[in-house]
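Novice: Okay, predicted coordinates and the sequence, questions at the end:
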Amino acid sequence: MLAAGSAAGLSNSAFGQNEAAAQRYGNATRGLAPLKITDVRIVHAYPNGTGFSVVKVETSEPGLYGIGCATGIRRYKTLTTAVDEYLAPLLKGKDPDNIEDIWQTVNVSSYWRNGPILNTVLAGVDQALWDIKGKRAGMPVYQLLGGKCRFAVDCYAHASGRDLKELADSVRGYREQGFRHIRIQFGKYGSPHLSGEPDFKKAGFGVETDEVVEIRPYMKIVPEMFEHIRSEFGEEVELLHDIHELIPPIEAINLVKELEQYRPFFIEDAFAPEDIGYYKILREQTSCALAMGELFNNSHEWVGLITDRLIDFVRIHISQIGGITPAMKVARLAEWFNVRTAWHGPGNTSPVGHVGNAHIDLAIWNFGIQEQTDFRPETQEVFPGCPTFENGYMHINEAPGFGIDIDEAVAAKFPLPEEPWYRPIVRRPDGTPVRP
Ligand code: GCO
Ligand code: MG
């Protein structure tokens, strides 16, 4: 057995069970040859100044591999180490068909679990395994998740502007493209430009890249923005907004109450993950729809919010949560409470992650809406099979698996930057750093 394993180039040390028993209790795969994982690698690409990381799981069947999104935390070298030094040795030789088993065993493989690094690489592996299973079955992954529950994925687009006119122009552009759901933001999150030169900068405190958010100007402009866009675009369009946890909880409560009259589709991240206890207080005071969760990395963080009916939309970041497997569990939990999904889909999720979102969106009953992003030409070149958008709907490639690939030769043309990336710190005018 060992000889056969090493002849196939497989490391059997951790999985050297009795071969006869393995055959008897192995997977029934309609006559397909048994499969083993032969390699697990991470591939990075940096087209258009955005880093995308994808895990590739290769198998003993020539040409059969899967890919999964491991993008998000922007600590690329850490992810590479996690894959090369820890995941690959653990997974080589395992049967890629046993997705749940692999997820559970990787999760506890160092006893200490959770956290963005482990979850991100685990998500890459998990999605890649679903990709392999789909390719093996000759079906798109949404078929394995139950089949289509809708013909395409309804999306929301991001409109923003530095003043109301610019914002209205941005909304108009998306309406013309057919979007029914539009997120409106005044400039960047928290509208830092409202304040001019902040006091801390005048005082030489902090660093050049620091940004400012002022509570009152932000709280004043957001209702004005809703008023303006509602009056110009009428009742038909669905409007969304992301507070991005930038104001103190009690002020978020005041703001959401004020926004209720404009009937937002949802208000996102009224509170930081550390402050979710405030949802109960907010819920008692408003029927405004609430969305939360892009920063959660432990599925259990959603349980109370869902079962106590404190939020309306679950915002999973597919790689942060650990992939398709845990995302489906949260989606099913949410279904029992009629809470809908709104998976995180910003520009810094790889197209592989967007496609993962879309396959779930197509299959689950309690889909709510999907955050949309445009894929630039360079990104599409790196990832053949990117989703397309028509009339505000996302359409995926119907090929087996996820129907998306990474062209490693093209990816190599967009190497990661040498310098580490740090998110600009957001401060109050006196210099106090705020979340996030
Ligand atoms: C959203 C998010 C993002 C995040 C970004 C962080 O709702 O789309 O808040 O825009 O800020 O993904 O890197
Ligand atoms: Mg957000």
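Specialist: Great, that's in hand. Ligands and ions are numbered 1, 2, ... in the order given.
Novice: Could I get the contacting residues of the residue nearest to residue 323 when sequence neighbours are not counted?
Specialist: The shortest distance from residue 323 to any residue that is not its chain neighbour, by Cβ to Cβ, 6 or more residues apart in numbering, is 2.9 Å, and that residue is residue 126. Bear in mind the C-beta positions are built from the backbone N, C-alpha and C, glycine included. Applying Cβ atoms under 8 Å, 6 or more residues apart in numbering, one finds that residue 126 lies in contact with 68, 99, 102-103, 322-326.
Novice: where along the stretch 101-250 of the chain do the strands fall?
Specialist: Here the stretch 101-250 of the chain has its strands, by DSSP state E, counting those that start in this stretch, at 153-161, 181-186, 211-212, 238-242.
Novice: sorry, back to before: let's see if you can find the most crowded of the contacts of residue 126.
Specialist: Counting by other Cβ atoms under 10 Å, residue 68 has the largest number of neighbours within the contacts of residue 126, with 33 neighbours.
Novice: Please name the bridge partners of that one.
Specialist: Using DSSP bridges, the beta-bridge partners of residue 68 come out as residue 55.
Novice: List, one by one, the residues from the stretch 301-436 of the chain near ligand 1.
Specialist: Selection of the stretch 301-436 of the chain residues close to ligand 1 by Cβ under 6 Å from any ligand atom yields 346, 348, 371.
Novice: which of the residues you listed lies closest to ligand 2?
Specialist: Proximity to ligand 2 was ranked across those by Cβ to the ion; first place goes to residue 346, at 7.2 Å.
Novice: how near is that closest one to residue 409?
Specialist: Using Cβ to Cβ, to the nearest Å, we find residue 346 at a distance of 27 Å from residue 409.
Novice: neighbour count winner among the two?
Specialist: For the pair residue 346 and residue 409, the greater number of neighbours falls to residue 346 (16 against 8), based on other Cβ under 10 Å.
Novice: Let me see the contact set for the residue nearest to residue 244 when sequence neighbours are not counted.
Specialist: With sequence-adjacent residues excluded and distances taken as Cβ to Cβ, 6+ apart, residue 244 is closest to residue 189, at 4.1 Å. Remark: with contacts taken as Cβ under 8 Å, 6+ apart, residue 189 is in contact with 213, 242, 244, 246.
Novice: Okay, residue 189 and residue 211: tell me how far apart.
Specialist: With distances defined as Cβ to Cβ, the gap from residue 189 to residue 211 amounts to 9 Å.
Novice: And for residue 169?
Specialist: From residue 169 over to residue 211 the distance is 24 Å, taken as Cβ to Cβ.
Novice: Just say helix, strand or coil for the residue of the stretch 251-400 of the chain found nearest ligand 1.
Specialist: In the stretch 251-400 of the chain, the residue found nearest to ligand 1 is residue 346; the distance is 3.7 Å by Cβ to the nearest ligand atom. When classified by DSSP: H, G, I helix; E, B strand; the rest coil, residue 346 comes out as coil.
Novice: Distance-wise, check it relative to residue 411.
Specialist: 20 Å.
Novice: picking up where we left off before, inside helices: which ones of the contacts of residue 126?
Specialist: Among the contacts of residue 126, the members falling in helices (DSSP state H) are 99, 102-103, 324-326.
Novice: of the residues you listed, closest to residue 157?
Specialist: If you rank those by distance to residue 157 using Cβ to Cβ, residue 324 comes first, at 24.5 Å.
Novice: pLDDT score for that closest one?
Specialist: According to the predicted model, the pLDDT of residue 324 comes to 98.
Novice: Cross-check the contact I'm expecting between it and residue 330.
Specialist: No - using Cβ atoms under 8 Å, residue 324 and residue 330 do not qualify as a contacting pair, with a distance of 11.1 Å.
Novice: Can you get me the start-to-end distance on stretch 411-418?
Specialist: Using Cα to Cα, to the nearest Å, the gap from the first to the last residue of stretch 411-418 comes to 16 Å.
Novice: and the residue in the stretch 201-350 of the chain positioned nearest to ligand 2, what are its bridge partners?
Specialist: Using Cβ to the ion, the point where the stretch 201-350 of the chain gets nearest to ligand 2 is residue 242, with a distance of 4.3 Å. For residue 242, the residues forming beta bridges with it (DSSP bridges) are residue 268.
Novice: For the residue most central in space within the chain, give me its contacts.
Specialist: Within the chain, the residue whose C-alpha comes closest to the C-alpha centroid is residue 317; the distance, by Cα atoms, centre = their mean, is 2.7 Å. Contact partners of residue 317, counting by Cβ under 8 Å, 6+ apart, are 72, 293-296, 343-344, 349.
Novice: of those, buried ones?
Specialist: 72, 293-296, 343-344, 349 (16 or more other Cβ atoms under 10 Å).
Novice: so what's the closest residue to ligand 1 within the stretch 151-300 of the chain up against?
Specialist: Taking Cβ to the nearest ligand atom, ligand 1 has its nearest neighbour within the stretch 151-300 of the chain at residue 242, 4.8 Å off. With contact taken as Cβ under 8 Å, 6+ apart, residue 242 is in contact with 183, 185, 189, 267-269.
Novice: Quick one: which of the residues you listed is the most crowded by neighbours?
Specialist: Compared across the contacts of residue 242, residue 267 has the highest neighbour count, 26 neighbours, by other Cβ under 10 Å.
Novice: Please report how far that one lies from residue 273.
Specialist: For residue 267, the distance to residue 273 (Cβ to Cβ) stands at 16 Å.
Novice: With residue 409 instead?
Specialist: As it turns out, when the distance is counted by Cβ to Cβ, residue 409 lies 39 Å from residue 273.
Novice: just to revisit the earlier point, which one of the residues of the stretch 301-436 of the chain next to ligand 1 is nearest residue 91?
Specialist: Of all these, residue 91 sits closest to residue 348, with 26.3 Å by Cβ to Cβ.
Novice: The closest one and residue 72 touch, don't they?
Specialist: Yes - in terms of Cβ under 8 Å, residue 348 counts as a neighbour of residue 72; the distance is 7.0 Å.
Novice: if we can go back for a sec, dump the contacts of residue 189 into CSV; add distance to residue 40 and pLDDT as well.
Specialist: Written out in CSV, the entries for those read as follows (distance: Cβ to Cβ, whole Å; pLDDT from 0 to 100):
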residue, distance to residue 40, pLDDT
213, 41, 91
242, 34, 98
244, 34, 97
246, 38, 95
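Novice: Most widely separated two among those residues?
Specialist: So for the contacts of residue 189, where distance means Cβ to Cβ, the most widely separated pair is 213 and 242, at 13.0 Å.
Novice: and stretch 336-350, what's its mean pLDDT?
Specialist: If you average the pLDDT over stretch 336-350, you get 97.
Novice: quick one: is that stretch near ligand 2?
Specialist: No - for stretch 336-350, no contact with ligand 2 is found by Cβ under 5 Å from the ion; the gap never falls below 6.8 Å.
Novice: Which positions in the stretch 251-400 of the chain make contact with ligand 2?
Specialist: The interface of the stretch 251-400 of the chain toward ligand 2, taken as Cβ under 5 Å from the ion, is made up of residue 294.
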